[in-house]
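generate coordinates for the sequence data below:
(one chain, ligands or ions: 2)
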Amino acid sequence: MARQSNDEGPQVNSRLNGYRNKTPRERLNLLAGAVGLSSEAAAVLGEAGALDLATANGMIENVVGRFELPLGIATNFTINGRDRLVPMAVEEPSVVAAASYMARIARDNGGFETSSSAPVMRAQVQLLNLSDPYGARLRLLAAREEIVAIANSRDEFLVRLGGGCRDIEVQVFPSSARGPMVVLHLLVDVRDAMGANAVNTMAEAVAPKLEELTGGTVRLRILSNLADQRLARARVRIAESSLRTDEFSGRRMIDGILDAHELAVIDPYRAATHNKGIMNGVDPVIVATGNDWRAIEAGAHAYAARNGRYTSLSTWEIDRDGCLVGTLEMPMAVGLVGGATRTHPAAQVALQILGIQSAQELAEITVAVGLAQNMAALRALASEGIQRGHMTLHARNIAIVAGAVGSEIEIVAGKLAEAHDVRTDRAREILREMRREA
Ligand SMILES: CC(C)(COP(=O)([O-])OP(=O)([O-])OC[C@H]1O[C@@H](n2cnc3c(N)ncnc32)[C@H](O)[C@@H]1OP(=O)([O-])[O-])[C@@H](O)C(=O)NCCC(=O)NCCSC(=O)C[C@@](C)(O)CC(=O)[O-]
Ligand SMILES: NC(=O)C1=CN([C@@H]2O[C@H](COP(=O)(O)OP(=O)(O)OC[C@H]3O[C@@H](n4cnc5c(N)ncnc54)[C@H](OP(=O)(O)O)[C@@H]3O)[C@@H](O)[C@H]2O)C=CC1
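Ligands and ions are numbered 1, 2, ... in the order given. The predicted structure follows:
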């Protein structure tokens, strides 16, 4: 069932004034108060660290340690009339700031509107050695109910939750390099799971029946990451006046954004970067919630090329009132119940911060953040360029690389940004001078 989320839940004010100027500990305390985190949950994100070695050792193979990333909170988001604070795990400076900034502009314009399709994943079963592939297709379609029943018999729990295999599709590739091929798709509502394991189990379960029905040989039985039946959508509408700066009129800013978007529509070289900007917002939410970012990336880029040419995932247009309207629709195979989402303690806390009840809600919030991030990059590119805002924040990284520690980091970064000269050799010089003078 498609949905538009506006679920009831504890109300949060995502407009945290001056949040950027606090220390990490102060930010954590404010966050815990705002979303009602217990002291145990807050401690998971604090100094103690989230993942103990035993849990890590149970997650993947040949574990020797943990690899940590910064977790930031994007502020200002209003989605379907409800405020959200958004956890983002990411190594790149300016991403959290950019999302928060565009969410601030969006909230003054009513925020983001989102919706999503039902959480339907697709599994593929490949059949080879077929003399009559089109005949095989019709025999499979005629046995639809039996195939769906076999699939559902393997996951009665999912069926009880309201999910399960809904339908089949059959594709024919009459003359592949390996001979005629038939591929049967199982369309499975996976509810709050990402769903890989449920659909893979079903695909393996139906395979003997498919061989019996067609006389062919089954090879692959695996989900497709092109989750084009599991789409999440976000829309934002921004008044011209909200985009005005001291240097650029709102109309000039909108024109610049539309020009930038058009290049992403017509040119795959630009589309790749444009979509990377979208994934700057999407991936950090996916990582913070313990979801599979390779699956999300694969789905996003395959969807961007679904019409045979790689293009922009988002659209930007101007409506009859002169407002900028941005939309983003993309596959979003995320779960709340499986994979690392359940095993990683920080992922559990991230879900609490988001205050969500379903995988569809998570999908919608993630797409809203992707759209915000896209808008931030286009807004910067359409006006002053990306380097001023991004490099100012990247300056702290450069200061660390140059050897700054503690309070030196902010001082060196400040001097680099002030001089618009964010280079490691300059940072080393500044550091040397500072230490000589101290
Ligand atoms: C970076 C900004 C936001 C600065 O923009 P600014 O104008 O200097 O920001 P500001 O100081 O006026 O602050 C405005 C708001 O931004 C947020 N903000 C601002 N600074 C901070 C901070 N330090 N910490 C936390 N939040 C911050 C914060 O919400 C703040 O409002 P407040 O809540 O304070 O009233 C802006 O220049 C921007 O959005 N730039 C785009 C950055 C971006 O896209 N980064 C991604 C990396 S580049 C890339 O990988 C992709 C790309 C660009 O190639 C994609 C593409 O080509 O399409
Ligand atoms: N190509 C790809 O993208 C692939 C990805 N993966 C990996 O698969 C993992 C995700 O798979 P996933 O199947 O989601 O994870 P899990 O199998 O870990 O968890 C999903 C299971 O949770 C149970 N469950 C409990 N409550 C619910 C609910 N409300 N809705 C739905 N299911 C519920 C069901 O189990 P039950 O019915 O058994 O009780 C369901 O099958 C990720 O780690 C991913 O990296 C794996 C293979 C390929």
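
low-confidence ranges, this protein, go.
Judged by pLDDT under 70, the chain has its weakly predicted residues at 1-10, 48.

for ligand 2, give me its nearest residue in it.
Distance from ligand 2 to each residue of the chain (CB to the nearest ligand atom) is smallest for G338, at 2.2 Å. All C-beta atoms are positioned from the backbone trio N, CA, C, and that covers glycine.

how close does that residue sit to N307?
31 Å (CB to CB, to the nearest Å).

show me which of the two is the more surrounded one.
Each of G338 and N307 had its neighbours counted (other CB atoms under 10 Å), and the higher figure belongs to G338 (20 against 8).

that one and I398, how far apart?
Computed as CB to CB, the G338 to I398 distance reads 39 Å.

and R191, helix, strand or coil?
coil (DSSP: H, G, I helix; E, B strand; the rest coil).

got it, and T114?
With three-state DSSP as the basis, T114 sits in strand.

tally of neighbours for it?
Using other CB under 10 Å, T114 has 26 neighbouring residues.

same question, F112
Applying other CB under 10 Å, we find 28 other residues in the vicinity of F112.

can you tell me the closest non-neighbouring residue to it?
Computed as CB to CB, 6 or more residues apart in numbering, the closest residue to F112 that is not its neighbour in sequence is A368, at 4.1 Å.

ligand 1 contacts on this structure?
Within the chain, the positions near ligand 1 by CB under 6 Å from any ligand atom are 20, 75-76, 92, 94-95, 97-98, 100-101, 104, 273-274, 276-277, 280, 376-377, 380-381, 386, 389-390, 393.

just the buried residues of the residues you listed.
75-76, 92, 94-95, 97-98, 100-101, 104, 274, 277, 280, 376-377, 380-381, 389-390, 393 (16 or more other CB atoms under 10 Å).

of those, which belong to strands?
Using DSSP state E, the members of these that fall within strands are T75, N76.

re the thing from before, show me the contacts for the residue of the chain closest to ligand 2.
Applying CB atoms under 8 Å, 6 or more residues apart in numbering, one finds that G338 lies in contact with A193, M194, G195, A196, N197.

among those residues, which one sits closest to E113?
M194 (24.7 Å; CB to CB).

follow-up on the earlier one: what would the contacts of G338 look like in TSV with neighbour count and secondary structure?
Formatted as TSV, the contacts of G338 follow (neighbours: other CB atoms under 10 Å; DSSP: H, G, I helix; E, B strand; the rest coil):
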residue	neighbour count	secondary structure
A193	25	coil
M194	26	coil
G195	30	coil
A196	20	helix
N197	15	helix
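
please identify which of those is nearest to ligand 1.
After measuring those against ligand 1 - CB to the nearest ligand atom - the closest member comes out as M194, at 25.7 Å.

with adjacent residues omitted, what lies nearest to that closest one?
Across the structure, with CB to CB, 6+ apart as the measure, the residue nearest M194 apart from its sequence neighbours is G335 (3.6 Å).

got a list of what the one you found touches?
Neighbour list for G335: V190, D192, A193, M194, G195, N291, T341, A359 [criterion: CB under 8 Å, 6+ apart].

with L187 instead?
L187 sits next to V120, M121, R122, C165, R166, D167, I168, E169, Q229 when contact means CB under 8 Å, 6+ apart.

before we move on, back to that, would you reformat the contacts of G335 as a markdown table and include distance to I150?
A markdown table is the format used below for the contacts of G335 (distance: CB to CB, whole Å):
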| residue | distance to I150 |
| --- | --- |
| V190 | 17 |
| D192 | 24 |
| A193 | 20 |
| M194 | 22 |
| G195 | 18 |
| N291 | 29 |
| T341 | 28 |
| A359 | 25 |
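
out of the residues you listed, which are close to ligand 2?
When those are filtered against ligand 2 using CB under 6 Å from any ligand atom, the residues retained are V190, D192, A193, M194, G195.

quickly note the distance from the fourth one to I105.
The one in question is M194. Between M194 and I105 the computed distance is 32 Å (CB to CB).

do the third one as well
Using CB to CB, A193 is found at 35 Å from I105.

can you check the last one too?
Between G195 and I105 the distance is 35 Å, computed by CB to CB.

for the protein, which residue gets nearest to ligand 1?
Closest point on the chain to ligand 1, by CB to the nearest ligand atom, is G389, at 1.9 Å.

ok, that residue - contacts?
Taking CB under 8 Å, 6+ apart as the definition of contact, the neighbours of G389 are S94, A97, A98, A380.

in helices, which of those fall?
Under the assignment DSSP state H, these contribute A97, A98, A380 to helices.

could you find the closest non-adjacent residue to the first one?
The shortest distance from A97 to any residue that is not its chain neighbour, by CB to CB, 6+ apart, is 6.1 Å, and that residue is L393.

surely the one you found meets V96?
No - taking contacts as CB atoms under 8 Å, L393 lies outside contact range of V96: 9.1 Å.

for this protein, what lies in contact range of ligand 2?
When proximity is defined as CB under 6 Å from any ligand atom, the chain approaches ligand 2 at 155, 157-158, 161, 190-198, 223, 225, 292, 295, 335, 337-339.

those helices in the stretch 251-400 of the chain, which residues are they?
Defined through DSSP state H, counting those that start in this stretch, the helices belonging to the stretch 251-400 of the chain, from first to last, are 268-288, 293-304, 339-343, 345-354, 359-382, 387-401.

name the helices or strands packed onto the longest strand belonging to the chain?
Counting residues, the longest strand in the chain under DSSP E turns out to be strand 164-176. If contacts are counted by 3 or more CB pairs under 8 Å, 6 or more residues apart in numbering; DSSP states H and E, strand 164-176 sits against helix 133-142, helix 144-153, strand 179-189.

out of these, deepest packed?
Neighbour counts averaged per stretch over those are highest for strand 179-189, at a mean of 22; criterion: mean count of other CB atoms under 10 Å.

give me the sheet partners of that strand and which way each runs.
When pairs are called by DSSP bridges, strand 179-189 turns out to pair with strand 120-128 (antiparallel), strand 164-176 (antiparallel).

any idea how far E156 is from G163?
From E156 across to G163, the span is 11 Å (CB to CB).

before we move on, what about I286?
Taken as CB to CB, the span from I286 to G163 is 21 Å.

how about stretch 315-333: buried residues?
W316, C323, L324, G326, T327, L328, E329, M330, P331, M332, A333.

span of that stretch from start to end?
Stretch 315-333 has an end-to-end distance of 21 Å (criterion: CA to CA, to the nearest Å).

residues near the residue nearest to V401 when sequence neighbours are not counted, how many?
Nearest in space to V401, with sequence neighbours left out and distances taken as CB to CB, 6+ apart, is T424 at 5.4 Å. Counted with other CB under 10 Å, residues neighbouring T424 total 14.

same check, this time on the one 10 residues further on
Neighbouring residues of M434 were enumerated by other CB under 10 Å; the total is 14.
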